[in-house]
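Peer 1: have a look at this prediction, sequence included:
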Amino acid sequence: MRRTIAPPALAFVLGAALYLPSLTHGYVWDDRTLIAENRFLADAREIGRNLTSDFFRRSAEPSQIGHWRPVVTASYMADRRTGGGSALAFHLTNVLLHGAAAALVAALAVSLGLPASAALLAAALFATHPVHVESVAWISGRTDLLCAVFALTAMTIDARGGPRWAGALATLLSVASKEMAVAVPAAVALRALWLPRPGERDVSSGRAAWRAAWPHLAAIALYALVRFGALGLMPRAPAAAGAGRVALFWTWWSALAEYARVLVWPFPLSIVSPVTLVSSPWSWRVAAGIVLAGAIAALAWSRRHLRPAVSWGLAAFLASLVPLVNFVVPVRAIGSVAFPWAERFLYVPSIFLCVAAAAAVAALRPRARAVATAAVVAVACAFAARTLARERVWASQRSLFAAAVREHPEDAPARVNLAAALLDSGDAAGAEAQLDRALATSPDDPIALYLRGNARRGRGDPAAAEASYRRALSIRPVYPQALINLGLVLAARGDLDGAEASFREADGQLGGAPETKVNLAIVARLRGRTAEAAALYREALALDPAFAPAREGLASLSP
């Protein structure tokens, strides 16, 4: 019992404690529109539409990118309810989920037959690895955390010979958190092939693999049926798909080489993708990726009888990368990203490498094992120090994008996001300087143009602000924030017709929003239509009963 419980318990403490500093962090990057400004999360009446819509559609910026992650959305709603909108509740959940994932890595390793010391080594490498900071310190990285927790649960149930329905349910919850979970059936099939349980040795290896995998395949098929058939949420291809599948194929190997680099040597780390499109195989990065994949596959195959746990970890690692290859089903990314690549994509794949590394240490002779164990502990300590340093970068929008600009001064989106942070802090001049540099590289960036409009409006130049907003809308017509701010500029100069049209269009794009209802009510009051204004205030309160501007506006109309 102690052998079973101690490694997961220690791993949980290590994984959670390492990220306690993130509890003081705020909302950054996608957190702002997806969570902080998302009124739908606070409204229990919206739970049905929240859980059956595109992941981003029910947010403050209702773009549709073809993701469906209802488990993550449900967790955001729970945190919003318990924390009252405070970032602390969201960060605490992430910290606990990472601790749980580290504990489950240890539990999985024990279930696969590794000794308790080796299981703890695997969990320590996983808990401390700096490549996971993006998933844990960033609230929106929760997709990886939930996917991993449920995938680990499914694989642990399988390894222990638990109920198949329970493993399938865990896989269903995993894939409903993030698509990376499609690797689970391959992982359990490989386990049945190379690490069979006693009852599986009585049948052929192929039959054992099928028996292990089919419940998980059925769970993923059910997910696909609901997502694609019932809800019609199809994945949208990224801009990179325009380069053609051949270019995406060669670029994948370059991306794989970079994934290997950050796993082995996580210095430096950045939210900016370092991978550029490659149109031919004549690149050392492409060659390195191909050689590396071949070497891992060959090693896994050659050691499958002698070191089955090592082979399982290596082969499952390669299988877990398949959802990232991009040339089969292009992975969604913003237009400025040449090839979708991110450190957070390694959260699930790293599980298998950590188990393989620990299994390799456990298989050594006693003296060599002691030396290797000490080396792994030293690596984990170095990883922990690097993680704590990297964690500080994610403290705020300004610190995150200031670091991104330092690391990649050529990246226009990083400068745009830094400009947004500078505007929030009142540094309009600094923001415009960043936007000028970004627009020099990407003159048609609608977000940069929108932010330039905000900066110019803030310094009292409404004509220039209007021009920037209109330019942003000509490039990106579905942009409710730009429409709202354009309406405010038009209203300030007395163009009530233009302001009303702008607010109504924004309201339509948002599917009805309390902010736009209040803006329309103000226009109605300026026109002397108090009955219409009162009705609009009531509509705003129906959407959000706690929306103070609507309450105050309606009260001001009372005699």
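Peer 2: Great, that's in hand. Please read all numbers here as calculations on a predicted model, not as lab measurements. Residues are numbered from 1 along each chain as shown.

Peer 1: what's downstream of the helix ranked longest in the chain, the next helix or strand?
Peer 2: The helix of greatest length in the chain, counted in residues with DSSP state H as the criterion, is given as helix 366-393. As assigned by DSSP states H and E, the chain's next helix or strand after helix 366-393 is helix 397-407.

Peer 1: how far does the next helix or strand after that following helix sit from its chain's centre?
Peer 2: Scanning the chain past helix 397-407 towards its C-terminal end, the next helix or strand to appear is helix 412-424 (assignment: DSSP H and E). How far helix 412-424 lies from its chain's middle: 20 Å, per CA atoms, centre = their mean, to the nearest Å.

Peer 1: helices or strands up against helix 412-424?
Peer 2: In terms of contacts (3 or more CB pairs under 8 Å, 6 or more residues apart in numbering; DSSP states H and E), helix 412-424 is packed against helix 397-407, helix 428-441, helix 446-458. Just so you know, the C-beta spots here come from the backbone N, C-alpha and C atoms, and that holds for glycine as well.

Peer 1: JSON lines for the ones you listed, including mean pLDDT?
Peer 2: Putting those into JSON lines (pLDDT from 0 to 100) gives the following:
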{"stretch": "helix 397-407", "mean pLDDT": "95"}
{"stretch": "helix 428-441", "mean pLDDT": "94"}
{"stretch": "helix 446-458", "mean pLDDT": "95"}
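
Peer 1: average pLDDT across the longest helix of the chain?
Peer 2: Confidence for helix 366-393, expressed as mean pLDDT, is 97.

Peer 1: now do it: which elements does it pack against?
Peer 2: Judged by 3+ CB pairs under 8 Å, 6+ apart, the packing partners of helix 366-393 are helix 116-128, helix 133-137, helix 349-362, helix 397-407.

Peer 1: pull the residues that contact the shortest one.
Peer 2: Read it as helix 133-137. Where contact means CB atoms under 8 Å, 6 or more residues apart in numbering, the residues beyond helix 133-137 that reach it are 19, 22, 25, 91, 94-95, 97-98, 141-142, 144-145, 269, 271, 342-344, 347, 387, 390-391, 393-394.

Peer 1: switch the cut-off to 6 Å
Peer 2: Helix 133-137 is contacted from outside by 19, 22, 94, 98, 141, 144-145, 343-344, 347, 387, 390-391, 394, using CB atoms under 6 Å, 6 or more residues apart in numbering.

Peer 1: after it comes which helix or strand?
Peer 2: helix 142-159.

Peer 1: quick one: that next one to helix 349-362, angle?
Peer 2: An angle of 50 degrees separates the directions of helix 142-159 and helix 349-362 when computed by axes from the mean of the first three to the mean of the last three CA atoms, to 10 degrees.

Peer 1: got the contact list for helix 142-159?
Peer 2: Contacts of helix 142-159 from elsewhere in the structure, counted by CB under 6 Å, 6+ apart, are 69, 71-72, 94, 97, 100-101, 104, 107-108, 111-112, 135, 166-167, 170-171, 173-174, 177-178, 180-181, 184, 187-188, 344, 347-348.

Peer 1: drop anything exposed from the residues you listed.
Peer 2: 69, 71-72, 94, 97, 100-101, 104, 107-108, 111-112, 135, 167, 170-171, 173-174, 177-178, 180-181, 184, 187-188, 344, 347-348 (16 or more other CB atoms under 10 Å).

Peer 1: pLDDT weak spots in the stretch 151-300 of the chain?
Peer 2: Flagging of the stretch 151-300 of the chain using pLDDT under 70 yields the residue ranges 237-241.

Peer 1: what ranges do the helices span in it?
Peer 2: Assigned by DSSP state H, counting those that start in this stretch, the stretch 151-300 of the chain shows helices spanning 164-175, 184-194, 205-224, 245-264, 284-302.

Peer 1: make a markdown table from those and add distance to L231 to it.
Peer 2: Converted to a markdown table, the helices of the stretch 151-300 of the chain look like this (distance: least, CB to CB, whole Å):
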| stretch | distance to L231 |
| --- | --- |
| helix 164-175 | 14 |
| helix 184-194 | 22 |
| helix 205-224 | 11 |
| helix 245-264 | 27 |
| helix 284-302 | 35 |
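
Peer 1: circling back: of the helices and strands packed on helix 366-393, which is nearest A218?
Peer 2: helix 349-362 (22.6 Å; CB to CB).

Peer 1: show me what that closest one is packed against.
Peer 2: When contacts are defined as 3 or more CB pairs under 6 Å, 6 or more residues apart in numbering; DSSP states H and E, helix 349-362 packs onto helix 116-128, helix 308-321.

Peer 1: which one, of those, ends up nearest to A433?
Peer 2: Across these, the minimum distance to A433, taken as CB to CB, is reached by helix 116-128, at 38.0 Å.

Peer 1: would you mark the buried spots in the closest one?
Peer 2: With burial defined by 16+ other CB under 10 Å, the residues of helix 116-128 counted as buried are 116, 118-128.

Peer 1: farthest pair in the residues you listed?
Peer 2: Of all pairs drawn from these, the one with the longest distance (CB to CB) is A116 and T128, at 18.4 Å.

Peer 1: quick one: residues contacting L486.
Peer 2: Under the criterion of CB under 6 Å, 6+ apart, the contact partners of L486 comprise 469, 502.

Peer 1: one step back: tell me the angle of the longest helix of the chain relative to helix 116-128?
Peer 2: Between the axis of helix 366-393 and that of helix 116-128 there is an angle of 20 degrees, by the same axes, to 10 degrees.

Peer 1: name the residues of helix 366-393 that come out as buried.
Peer 2: Counting neighbours by 16+ other CB under 10 Å, one finds that the buried residues in helix 366-393 are 369, 372-373, 376, 379-380, 383-384, 386-388, 390-391, 393.

Peer 1: just the C-alpha atoms of stretch 300-307, please, in PDB.
Peer 2: What follows is the C-alpha trace of stretch 300-307 in PDB, where atoms were taken according to Å, rounded to 0.1, in the frame of the first residue of the first chain:
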ATOM      1  CA  ALA A 300      11.600   1.200 -29.100                       C
ATOM      2  CA  TRP A 301      11.400  -1.800 -31.500                       C
ATOM      3  CA  SER A 302      14.800  -3.300 -30.600                       C
ATOM      4  CA  ARG A 303      14.200  -3.100 -26.800                       C
ATOM      5  CA  ARG A 304      10.600  -4.300 -26.800                       C
ATOM      6  CA  HIS A 305      11.500  -7.700 -25.300                       C
ATOM      7  CA  LEU A 306      14.400  -6.600 -23.100                       C
ATOM      8  CA  ARG A 307      13.100  -3.300 -21.800                       C
END
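
Peer 1: now distance to S63 and mean pLDDT too, for the helices and strands packed on helix 349-362, in a markdown table please.
Peer 2: A markdown table is the format used below for the helices and strands packed on helix 349-362 (distance: least, CB to CB, whole Å; pLDDT from 0 to 100):
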| stretch | distance to S63 | mean pLDDT |
| --- | --- | --- |
| helix 116-128 | 33 | 97 |
| helix 308-321 | 27 | 98 |
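
Peer 1: distance to A428 added to the ones you listed, as CSV?
Peer 2: Converted to CSV, the helices and strands packed on helix 349-362 look like this (distance: least, CB to CB, whole Å):
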stretch, distance to A428
helix 116-128, 41
helix 308-321, 44
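
Peer 1: how is this protein divided into domains?
Peer 2: Annotated domains of the chain cover 2-393, 409-557 [automatic domain parsing].

Peer 1: got these as CSV, with distance to A403 columns?
Peer 2: Putting these into CSV (distance: least, CB to CB, whole Å) gives the following:
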stretch, distance to A403
domain 2-393, 5
domain 409-557, 9
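
Peer 1: next, name the residue at the spatial heart of this structure.
Peer 2: The chain has G141 as the residue nearest its centroid, 3.7 Å off, counting by CA atoms, centre = their mean.

Peer 1: now do L20 against A102, distance only.
Peer 2: As judged by CB to CB, to the nearest Å, L20 and A102 stand 14 Å apart.
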